[in-house]
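Q: Just the structure for this:
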Amino acid sequence: MIPRRAGMLALGLAAAGAIAWTAVSQTGQATADPNAALSPDIEQGNSTESAPPAAPVKKAAPTPPPVTSETPMAERVAVIGMLNKRNGLSRDAALHPGQGVRWGDLIIRLRACETTADWEPEQLTGAFVQADKRAPDGSWHRIFSGWLYKESPSLNVVEDPLYDVWPKSCTMRHPDIGPATVAATSSGAASRPIAKKSAGEPSPGTAAEPKPSAESNNAT
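A: Numbering: from 1, shown residues only. Have a look, this model is predicted:
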């Protein structure tokens with residue numbers, strides 16, 4: 001009787017040990033390895049693919065400083081139109097002040113050119129021109145010297161039966177700021193002027209030298 005009970009006890013202990021070993025084995029299989037790499041899963045947000053690089057940020061170009069003086073006379077360029085009334089031929093000449101061009105029996109010299117600023121109420125393009133014409137005997141005579149205006153040709157004209165001359169353009173730049181320019185602050189109040197008086201500006205009480213006009217510069 002005793003040996004039978006001992007055998008049954010041994011069988012029970014063996015069965016309990018097998019059940020415990022099976023439970024431990026299943027628990028080890030179900031435990032996640034913290035060092036294991038995540039599998040790619042786009043929906044879960046754990047994809048191993050690298051994110052696309054961010055687009056480079058373009059820097060805004062620096063604002064050029066304001067122009068404080070107009071284009072010097074020697075750097076300006078005027079386009080002068082010429083017409084031969086007899087044969088209908090025409091020609092354009094791009095000249096700097098001080099330059100001249102000969103076309104047939106006509107010589108044109110540019111002395112100056114100027115345009116009004118963009119903010120002026122009346123826009124004018126003027127050129128101070130001197131015109132010399134060759135006579136039939138070969139001698140040269142000045143037929144015009146004065147200002148010509150593109151927008152108002154009737155102010156001054158080259159009175160010649162053969163040639164017509166007129167300005168087409170004058171390339172120059174006007175200053176962005178001047179002695180009376182004020183800088184606006186964030187509060188809207190005006191600050192002190194930001195431009196100093198230029199060296200060529202007449203002092204108070206001193207009359208500025210007048211420029212040649214259509215009435216006073218038509219000497220031949």
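
Q: In three-state terms, label the residue nearest to residue 90 when sequence neighbours are not counted for me.
A: Leaving out its chain neighbours, the residue that sits closest to residue 90 by Cβ to Cβ, 6 or more residues apart in numbering is residue 83, at 4.7 Å. C-betas here are computed from N, CA, C, even on glycine. Secondary structure, DSSP: H, G, I helix; E, B strand; the rest coil: residue 83 is strand.

Q: Residue 83 contacts residue 164, doesn't it?
A: Yes. Residue 83 lies in contact with residue 164 (Cβ atoms under 8 Å); the separation is 4.2 Å.

Q: Tell me who's in contact with the closest residue to residue 77 other than its chain neighbours.
A: Nearest residue to residue 77, sequence neighbours excluded (Cβ to Cβ, 6+ apart): residue 171, at 4.5 Å. By Cβ atoms under 8 Å, 6 or more residues apart in numbering, the contact set of residue 171 is 71, 76-78.

Q: In contact with residue 124, which residues?
A: Contacts of residue 124 by Cβ under 8 Å, 6+ apart are 115-116, 149-152.

Q: Within its local environment, how many residues does residue 94 see?
A: For residue 94, the count of nearby residues is 14 (other Cβ atoms under 10 Å).

Q: Quick check: closest non-adjacent residue to it.
A: residue 79 (5.2 Å).

Q: That neighbour is in contact with residue 169, isn't it?
A: Yes. Between residue 79 and residue 169 there is a contact at 4.6 Å, judged by Cβ under 8 Å.

Q: now the nearest residue to residue 131 once chain neighbours are set aside, what's its secondary structure?
A: Nearest residue to residue 131, sequence neighbours excluded (Cβ to Cβ, 6+ apart): residue 144, at 4.2 Å. Secondary structure, three-state DSSP: residue 144 is strand.

Q: Tell me where the chain is predicted with low confidence.
A: Within the chain, the ranges that satisfy pLDDT under 70 run 1-52, 178-220.

Q: which stretches of it form strands?
A: Remark: strands assigned in the chain by DSSP state E are 77-84, 90-95, 100-103, 106-115, 125-134, 140-149, 163-171, 182-184, 190-193.
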